[in-house]
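Novice: coordinates only, sequence not included:
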């Protein structure tokens, strides 16, 4: 917050109308008074450092300059991290998440060191032997080396990079036999990382042993020049996250010592291959990364909602009633419809992320599929990230032309949000993985097998027919309707799949032909999961009546808005009729009206520092037009009244036309 300057009177008036204490919501969002105090201290520790301030906004720098400036800041941040850790002592996972969120705010266009923490180190932890961890972990954590981790898209078994073991020299020989086998997209790989954990097909004694992980030195530690046989560079500019330095990597007869294979799950003691008793990967560290991603989606949508709602209070436009002053655009019901559901959705995603994390930290059994993907994660990630990206864009559009300016920060938020739709698994692929699980779950339900709680409704649906009971406008009834829709789509998807197989299609062909229905099954199931989780967790929250009222309104809005956006499914699979739609529409509109006085209070409760929002439109003081002009004055083109292009090109052109 920037409370030292005059607050826009419209925004100040909105805060006076709020019916609850936003600070109570802040404590809820950040899990308590003490944790919120810690967050503030961390923000002040980093944001107050003049070396982490932008002398020139990144938007005015070239691609090369953005990377170089981000590297400078990243080095400063690392030194400050070491300082903070030495002062704080033990850093738990919640503190680590706070640190990462603040670092993301400082390095808003991407952290070129980020993958070292969230992927390289976890790979060493999960796959390295104690001896290998002793050798590499300390160096990686201290950033004596900067690593990245390389995958090959979703179909890991199809990876083409090879690692042949040479028993004579006790070395592996890595090769990229085709252009398509080059690693691509890896953050930090372009010019930052000097080591990588690389996935490759292992061959020993002439036998293909499958995918294994190898520590490969990419660049010399002193000169930073590529090592012999290493083909490395940056892939180029992207929609967002411009400073992350994504790169490509190829190998040409690159030799590495035998002890560079991560051997927790397989050994080569004398050149012979010995598989570990259990070859399952270690998922603990990866779950931390995946929850961070879901929380990131929630935060990105909450930030976009904060910017758009504050702007919509300051911005006045048109006449609602002839002769009266122009109203705040947030008074328009269509604007509320664009923004308030996204506000609710950000909280729904956050609650789902907390649920996934709790399932892990409480040592409950998390269901993984055959490729090692968490079913909880897949259902949440695919829908949450795509919903967040769409919501950020809706918020941008709601701000009109000013939302198109990069100083609104929508472009940066969207760049990060939409990237989540493809990394850690492309969303359509993840939906189909969830669908495969749902097909098996339905078959288990038919066989009488007990199902896990999140899919138990499938078994209940077997004994139900489309109810003749009249539709009821109540949250319990709506939750039940979501379950019926999901079960109905799963049943229909499996029926379509089996029909094709019975008609002579090979199972793989039948699956591909049915994949649209199957993806829709997974989406319906994910929506059910989100609605159920949000409703249940809000009901369990212990807070004041005033805040509880607002949270219940948001959870109801999320459920009804989601239902109406998919009303065709509910007409097909639940007992909802066309006549019931108007009642739900009125309920939703009443919720929009009820939330209107508290909209600013809710986003204030998110308590995003102005540095986090980094937006001329969404700052705490609401000085939108002053900040827009301040940002315009920073343009290098405004440093001179006449640009040299006038004399070189424009003036001769104009004179030549006379």
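Specialist: Thanks, I have it. Please read these numbers as outputs of a predicted model, since none were measured by experiment. Numbering: from 1, shown residues only.
Novice: What is the distance between the helix or strand hosting residue 655 and the centre of its chain?
Specialist: If you go by DSSP states H and E, residue 655 is part of helix 651-656. In terms of CA atoms, centre = their mean, to the nearest Å, the gap separating the centre of helix 651-656 from the centre of its chain is 51 Å.
Novice: ok, now stretch 648-658?
Specialist: On CA atoms, centre = their mean, the centre of stretch 648-658 falls 50 Å from that of its chain.
Novice: neighbours around residue 470, how many?
Specialist: If you count neighbours by other CB atoms under 10 Å, residue 470 ends up with 11. (C-beta placed from N, C-alpha, C; glycine too.)
Novice: quick one: secondary structure of it?
Specialist: coil (DSSP: H, G, I helix; E, B strand; the rest coil).
Novice: List the residues that contact it.
Specialist: residue 575 (CB atoms under 8 Å, 6 or more residues apart in numbering).
Novice: hang on, the earlier thing: what are the buried residues along the helix holding residue 655?
Specialist: By 16 or more other CB atoms under 10 Å, helix 651-656 has no buried positions at all.
Novice: Quick check: mean pLDDT of that helix?
Specialist: Mean pLDDT, helix 651-656: 91.
Novice: which helices and strands does it pack with?
Specialist: If you count contacts as 3 or more CB pairs under 8 Å, 6 or more residues apart in numbering; DSSP states H and E, helix 651-656 packs onto no helix or strand.
Novice: For the one helix or strand residue 139 maps to, list every residue counted as buried.
Specialist: Using DSSP H and E, residue 139 maps to helix 130-141. Within helix 130-141, the residues scored as buried using 16+ other CB under 10 Å are 132, 133, 136, 140.
Novice: and of those residues, the nearest to residue 7?
Specialist: Set against residue 7, the nearest of these by CB to CB is residue 140 (45.6 Å).
Novice: right, and that closest one touches residue 122 too?
Specialist: No - judged on CB atoms under 8 Å, residue 140 makes no contact with residue 122 at a distance of 10.3 Å.
Novice: gap between the nearest residue to residue 15 once chain neighbours are set aside and residue 551?
Specialist: Excluding its sequence neighbours, the residue lying closest to residue 15 (CB to CB, 6 or more residues apart in numbering) is residue 600, at 5.9 Å. Distance, residue 600 to residue 551, using CB to CB, to the nearest Å: 16 Å.
Novice: where exactly do the helices run in the stretch 451-600 of the chain?
Specialist: 456-462, 475-502, 507-513, 515-540, 545-565, 567-573, 578-595, 599-606 (DSSP state H, counting those that start in this stretch).
Novice: What helices and strands are in contact with whichever strand or helix holds residue 233?
Specialist: Using DSSP H and E, residue 233 maps to strand 230-234. Packed against strand 230-234 by the contact rule (3+ CB pairs under 8 Å, 6+ apart) you find strand 247-251.
Novice: So what angle separates the directions of the strand it packs on and strand 230-234?
Specialist: Note on geometry: by axes from the mean of the first three to the mean of the last three CA atoms, to 10 degrees, strand 247-251 and strand 230-234 are set 170 degrees apart in direction.
Novice: packing partners for the helix or strand following strand 247-251?
Specialist: For strand 247-251, the following helix or strand on the C-terminal side (DSSP H and E) is strand 254-257. Where contact means 3+ CB pairs under 8 Å, 6+ apart, strand 254-257 is packed against strand 171-175, strand 207-217.
Novice: Which positions within strand 254-257 qualify as buried?
Specialist: Per 16+ other CB under 10 Å, strand 254-257 contains these buried residues: 254, 256.
Novice: Pairing partners for that strand, with directions?
Specialist: Strand 254-257 sits in its sheet next to strand 171-175 (antiparallel), going by DSSP bridges.
Novice: Tell me what angle the strand it pairs with forms with strand 207-217.
Specialist: Using the same axes, to 10 degrees: strand 171-175 against strand 207-217 is 90 degrees.
Novice: elements contacting the next helix or strand after strand 171-175?
Specialist: For strand 171-175, the following helix or strand on the C-terminal side (DSSP H and E) is strand 183-186. Under the contact definition 3+ CB pairs under 8 Å, 6+ apart, strand 183-186 sits against strand 147-150, strand 195-204, strand 247-251.
Novice: Contacts made by the following helix or strand past the shortest one with the rest, please.
Specialist: Spelled out, it's strand 147-150. Using DSSP H and E, the helix or strand that follows strand 147-150 towards the C-terminus is strand 162-166. Residues from elsewhere that reach strand 162-166, judged by CB under 8 Å, 6+ apart: 171-175, 177, 200-205, 212, 214, 255, 258, 261, 268, 271.
Novice: Report the buried members of those.
Specialist: 171-175, 200-204, 212, 214, 258, 261, 268.
Novice: Mean pLDDT, mean neighbour count and distance to residue 39 added to the helices of the stretch 451-600 of the chain, as CSV?
Specialist: Output for the helices of the stretch 451-600 of the chain, formatted as CSV (pLDDT from 0 to 100; neighbours: other CB atoms under 10 Å; distance: least, CB to CB, whole Å):
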stretch, mean pLDDT, mean neighbour count, distance to residue 39
helix 456-462, 88, 17, 37
helix 475-502, 96, 19, 32
helix 507-513, 96, 14, 46
helix 515-540, 96, 21, 21
helix 545-565, 98, 20, 19
helix 567-573, 96, 17, 40
helix 578-595, 97, 15, 26
helix 599-606, 98, 25, 12
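Novice: Tally up the residues packed near the residue nearest to residue 184 when sequence neighbours are not counted, please.
Specialist: Excluding its sequence neighbours, the residue lying closest to residue 184 (CB to CB, 6+ apart) is residue 248, at 5.2 Å. Residues contacting residue 248 under the criterion other CB under 10 Å number 19.
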